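Asks: 3D model of this:
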Amino acid sequence: MSVTDPISDYLTRIRNAAKAKHKKVDIPSTKMKESITKILLENEYIQHYSIHEEGVKKILRIYLKYDETGCVIRGLKRISKPGIRYYVNSKNLPRVLNGLGMAIISTPKGIMTEKQARKQNVGGEVICHIW
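Replies: The predicted model follows:
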């Protein structure tokens with residue numbers, strides 16, 4: 001099956017697994033998805049992840065993190081879509097829920113959070129918001 005927006009598919013799989021209270025979710029792996037997952041791990045939105053090779057395909061297995069109220073990831077929203085790209089400069093980087101969430105930005109220096117982009121004074125494409 002061909003997916004026109006693999007990042008939206010990635011976010012939807014995580015959102016659905018969190019709502020269904022699954023411990024893990026398997027997603028077809030790409031470098032961009034691995035970078036986003038690494039950021040989620042660094043910011044403690046997930047427990048851990050692993051990459052499994054099944055033949056020529058690589059599968060990204062993400063283990064979701066839960067607390068007493070449910071999944072730590074409360075919401076995910078895709079901002080820049082294939083038909084409508086959303087770019088910001090370093091002065092207009094978004095703040096998600098007044099700093100309680102985070103935005104993931106694709107910059108010339110790599111994929112990073114909006115806080116890291118602010119420190120490095122770079123802008124780029126806003127991929128998604130997570131809270």
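Asks: Show me where the chain has its strands.
Replies: Using DSSP state E, the strands assigned to the chain run over residues 24-28, 46-54, 57-64, 66-67, 70-71, 76-78, 87-88, 102-107, 110-113, 124-130.
Asks: chain center to the last one, what's the gap?
Replies: Average the C-alpha atoms of strand 124-130, do the same for its chain, and the two points are 8 Å apart (Cα atoms, centre = their mean, to the nearest Å).
Asks: Show me what counts as buried in it.
Replies: Using 16 or more other Cβ atoms under 10 Å as the test for burial, strand 124-130 gives 124, 126-130. C-beta here means a position set from N, CA and C on the backbone, and glycine is covered the same way.
Asks: Spatially central, which residue of the protein would that be?
Replies: Closest residue to the average C-alpha location of the chain: Ile36 at 4.4 Å, with Cα atoms, centre = their mean.
Asks: What pLDDT does the model give that one?
Replies: Looking at Ile36, its pLDDT is 97.
Asks: what separates the closest residue to Ile46 other than its chain neighbours from Arg85, distance-wise?
Replies: Nearest residue to Ile46 in three dimensions, chain neighbours excluded: Leu40, at 4.8 Å (Cβ to Cβ, 6 or more residues apart in numbering). For Leu40, the distance to Arg85 (Cβ to Cβ, to the nearest Å) stands at 22 Å.
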